[in-house]
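A.B. asks: this one's sequence-less:
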């Protein structure tokens, strides 16, 4: 029992480390920083300026917080999807499915580094917000904000795990990923207050990860306490758990089907 | 004269093949249709209250985002795409000019990406019911033609960067939004810090956006619009002349180093 637990823990962390390394190790530091730090910053600036044009520069914090939290989704969706789907593209999926390794440890481990990466991204985003747009964190409870960022990154990584499974059965993974990511920009309230959206869109928003995370971050930075946002954070966490479990079951189904049909490597 | 006819035929074939290939590429369809429509929707929501002309401003601005994204990712990859599919060597070995082939391919990408503007128009006008009118329709369509020419010429240079600068393809994600910002697609560049203005002036998409916004909303006088055409024509000429030299460097380097089919160099 203990031996098994040790093996699964090792698979979990080794899978996390190597899948992340496989994604980024070949990049030069400057290229890595450009894609991880500079690209999300430019997107944030774009939306902050549209917001400033629309309603005056005093609304900058609304867009800074929303787009900083989007960094969590960026890492969660693109990073996790490529970690899972990349196994197919690099031809390592048959070995993975042929191994006796615990599937849960193998599958969920793929998200770990991207949760950390996503959290770092949010911090960098908020840092840019302080530097460039005078974001005021003086009323912020740092622990509550940290917990919000952790849970939001976890829930968006859950979506990434689900999307990663889809990448095992479609050639157009970038189309699916980008569409979901851009739809999150609309539905999550990062750039448009959820309350301003039509009713049917608000219903969709409430079922998605990130929506509550963005709302919680805004409340906490505005001076709210952990108790104020705890109910929302609990639902955000639950959404992450549901998406992860859904992703895992899809992963299992695809494995069984791919083995049965002999379509592991067929795109 | 015969040579011009031949080059036009080569360009037309490259144009056709690129269009056919793009139709099967989900990421191209995302860049042309899905992303600009989502950006249009967001911008429309964020900018409501900016006066009666803001809907047409959003149509053009979001269409320009689609144009730029397609030019950057697909037009830019015009040469490297051939490398990935193993067709670059026969292309270089053939007597046809590589630059003419690439021009045809980039033209296909840019022409196709005009769909993003049409898509935004339909979304905002028919699906969301906003009235859309063009102040100077004739000048607008001429601006569009000149903008396409200017962007395709810019694409020639971009495609060569993908080959000449090894890290360029990996950095390309970082170039998408800066151009949206610097070229004033969805907000005036006057909002940006003053030191960025000369950078905007050096980018032909800025002049394209200026001409299109100006002709659609009537914020520029006809003579000013013609002035932007002159600037775009000047930039296009510079890009075409520079691309001649860049493509010679690419071919000489590839033959000397034997790196034509080595991906990542």
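C.D. replies: Received, thanks. On a predicted model such as this, the values are computed, not experimentally measured, just so you know.
A.B. asks: going forward, measure contacts between C-alpha atoms and count neighbours the same way
C.D. replies: Noted.
A.B. asks: How are the strands of the stretch 51-200 of chain A distributed by residue range?
C.D. replies: According to DSSP state E, counting those that start in this stretch, the stretch 51-200 of chain A carries no segments that qualify as strands.
A.B. asks: What parts of it come near chain B?
C.D. replies: A:51, A:53-54, A:172, A:174-175, A:178-179, A:182-183, A:186, A:191-192 (CA under 8 Å from any CA of the partner chain).
A.B. asks: Which strand or helix spans whichever residue of chain A sits closest to chain B?
C.D. replies: Taking CA to the nearest CA, chain B has its nearest neighbour within chain A at residue A:39, 4.4 Å off. Using DSSP states H and E, residue A:39 falls within helix A:39-55.
A.B. asks: Let me know how buried residue 42 is, in neighbour terms.
C.D. replies: If you meant another chain, say so; for now it's chain A. 19 (other CA atoms under 10 Å in any protein chain shown).
A.B. asks: wrong one, chain B
C.D. replies: As a measure of burial, residue B:42 has 22 neighbours, counting by other CA under 10 Å.
A.B. asks: so who does the residue nearest to it when sequence neighbours are not counted touch?
C.D. replies: What sits nearest to residue B:42 in space, not counting adjacent residues and going by CA to CA, 6 or more residues apart in numbering or on different chains, is residue A:186, at 6.4 Å. By CA atoms under 8 Å, 6 or more residues apart in numbering or on different chains, the contact list for residue A:186 reads A:192, B:38, B:42.
A.B. asks: What separation is there between the last one and residue A:125?
C.D. replies: When you say that, I think you mean residue B:42. 21 Å (CA to CA, to the nearest Å).
A.B. asks: that older thread, what's the closest residue to the residue of chain A closest to chain B other than its chain neighbours in contact with, if anything?
C.D. replies: Residue nearest to residue A:39 in three dimensions, not counting chain neighbours: residue B:174, with 4.4 Å by CA to CA, 6+ apart. If you count contacts by CA under 8 Å, 6+ apart, residue B:174 has them with A:34-35, A:38-39, A:42.
A.B. asks: Enumerate the residues of the stretch 151-265 of chain B near chain A.
C.D. replies: So far as CA under 8 Å from any CA goes, the stretch 151-265 of chain B lies against chain A at B:167, B:170-171, B:173-175, B:177-178, B:180-181, B:186-188, B:191.
A.B. asks: Could you list the low-confidence segments of the chain?
C.D. replies: Since no chain was named, I'll use chain A. Applying pLDDT under 70 to chain A flags residues A:23-27, A:56-58, A:263-267.
A.B. asks: was after chain B, sorry
C.D. replies: Ranges of chain B meeting pLDDT under 70: B:51-52, B:260-265.
A.B. asks: now the helices for it?
C.D. replies: Under the criterion DSSP state H, chain B contains helices at B:2-22, B:26-29, B:35-47, B:54-70, B:78-85, B:88-93, B:98-122, B:137-164, B:168-171, B:176-182, B:197-201, B:204-217, B:222-257.
A.B. asks: which residues are contacting the second one?
C.D. replies: Helix B:26-29 is contacted from outside by A:172, A:174-175, B:22-23, B:70, B:74, using CA under 8 Å, 6+ apart.
A.B. asks: for the fourth one, same thing?
C.D. replies: For helix B:54-70, contacts defined as CA under 8 Å, 6+ apart pick out B:28, B:31-33, B:35-37, B:39-40, B:43-44, B:47-48, B:109-110, B:113-114, B:116-118, B:120-121, B:124, B:130-134, B:176, B:179-180, B:184-186, B:205, B:209, B:212-213, B:216-217.
A.B. asks: how big is the angle separating it from helix B:98-122?
C.D. replies: 150 degrees (axes from the mean of the first three to the mean of the last three CA atoms, to 10 degrees).
A.B. asks: surely residue B:45 meets residue A:192?
C.D. replies: Yes. Judged on CA atoms under 8 Å, residue B:45 makes contact with residue A:192 at a distance of 7.2 Å.
A.B. asks: So for chain A, the centremost residue is which one?
C.D. replies: residue A:76 (2.2 Å; CA atoms, centre = their mean).
A.B. asks: do you know how far that residue is from residue A:7?
C.D. replies: Distance from residue A:76 to residue A:7, by CA to CA: 26 Å.
A.B. asks: do the same with residue A:210
C.D. replies: Following CA to CA, the distance that separates residue A:210 from residue A:7 is 33 Å.
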